[in-house]
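Engineer: Curious how this folds, go ahead:
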Amino acid sequence: MAGPIQLTDAAKYYQQEPQQVSAFEWLQQQQTAETMAEFAEKYRATPPAPPQPEPQPGYITPQLMQGITGHPASSFDATFCNDFNDMLESTGFDQHLDAMQMLMANLAHESCGFVYMKEIDSGEYLNGRTDLGNVYPNDGPLFRGCGPLQVTGRANFQASSDWLRDHRGIDDGKIMALGTDYAADFYAFTIAIPWLLNNDLLNVCLKQGFEACCVRINGGYNGYDDRCAWYHKCKQVMV
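Structural biologist: Residues are numbered from 1 along each chain as shown. Model (predicted):
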C-alpha cells in the first residue's frame, strides 16, 4: 500500500531550493486530508493505454520475429511490429537488407531476444549524468534504458518526444512524464529514431560493416560473440 503523498511528489521542477520548500510547505498545510487523498488517487492512477492499433504492412511481422527469436509469433503484437517498421522506414534501414540484419542482431543482443525492453537496473547510477541531460532528481531511474536499443537519459527522451511531435504529429506528454516505464511499452522502437539518425548508423553499417555497427551501438566489444551469433541467425532468417 502506497504511503501518504506530498505535493512535491508531483512537482516536475522541485529541487528542494529554500523558496520552493517554503512555498510547498505552506501550500501543503492549506489542504485537507480528503483533498490530499483524492489528489493521491488521481496522481497515482495507472494511465490509460493508447488504443491497440491495427497491423500495418511492413517487413517486420510476428512470423519473422518468431523465426529469429524462437518466441511464439503471438508475443509480437501490432504495437511492436508497427513501431519496429516505423523505425526502419524512418531511418532508411528498410531499404538495405544487410544493414537491417546488422541492426536486428544488435537489438536482439541488447534485449536478450526482445525479452527485456526496459533496463533491468533501477537506473540510480544514471542520476547526475548531465551528459545524458539528467539534471533533475530521479532522472536516472525515470529515463533508464528504453527499448531494445536501450535509449537512455532525459536529453535522448526529449529528442525522441520532439521527433514524434514534429514528424508524426504525436504530442504525448507521458513520454517525458513517465519515462521508460511508459515509452518502452508504446514507443520502444521509434524512440530510437533520433539516436539512429544522429549517429548515422545506416551509413556505418553500409560503409564499415557489422563490427563497426556493434562498436557504434555499444561503444566497444561487450557481448561481441553473442552479437555475431544473432547476426548469423538474422542472415539465415531475414532473406
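
Engineer: Show me where this protein has its helices.
Structural biologist: Assigned by DSSP state H, the helices in the chain fall at 18-29, 33-44, 62-69, 78-91, 97-110, 139-142, 154-168, 174-178, 180-186, 193-198, 201-208, 210-218, 224-237.

Engineer: can you list the ones you listed in a markdown table and add distance to P148?
Structural biologist: C-beta here means a position set from N, CA and C on the backbone, and glycine is covered the same way. Shown next, in a markdown table, are those (distance: least, CB to CB, whole Å):
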| stretch | distance to P148 |
| --- | --- |
| helix 18-29 | 38 |
| helix 33-44 | 29 |
| helix 62-69 | 11 |
| helix 78-91 | 9 |
| helix 97-110 | 4 |
| helix 139-142 | 19 |
| helix 154-168 | 14 |
| helix 174-178 | 17 |
| helix 180-186 | 9 |
| helix 193-198 | 12 |
| helix 201-208 | 14 |
| helix 210-218 | 10 |
| helix 224-237 | 11 |
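
Engineer: any idea of the pLDDT on the residue nearest to the spatial centre of the chain?
Structural biologist: With distances taken as CA atoms, centre = their mean, C146 lies nearest the centre of the chain, 2.9 Å away. As predicted, C146 sits at a pLDDT of 96.

Engineer: repeat for the one 3 residues further on
Structural biologist: Note on L149: pLDDT of 94.

Engineer: Look up how far E110 lies from it.
Structural biologist: 6 Å (CB to CB, to the nearest Å).

Engineer: any common contacting residues for those two?
Structural biologist: In terms of CB atoms under 8 Å, 6 or more residues apart in numbering, L149 and E110 are both contacted by the residues I217.

Engineer: L88 and D94 touch, don't they?
Structural biologist: Yes - in this structure, L88 is within contact of D94 by CB atoms under 8 Å, at 4.2 Å.

Engineer: Overlap of the contact sets of those two?
Structural biologist: Common neighbours of L88 and D94 are listed as 58-59, 100 (criterion: CB under 8 Å, 6+ apart).

Engineer: from these, which would you call buried?
Structural biologist: Listed as buried from the shared contacts of L88 and D94 are M100; burial here means 16 or more other CB atoms under 10 Å.

Engineer: what are the phi and psi values for the closest residue to D83 other than its chain neighbours?
Structural biologist: Once flanking residues are discounted, D83 sits nearest to F189: 4.3 Å by CB to CB, 6 or more residues apart in numbering. Dihedral angles of F189 (phi, psi; degrees, to the nearest 10) stand at phi -100, psi -50.
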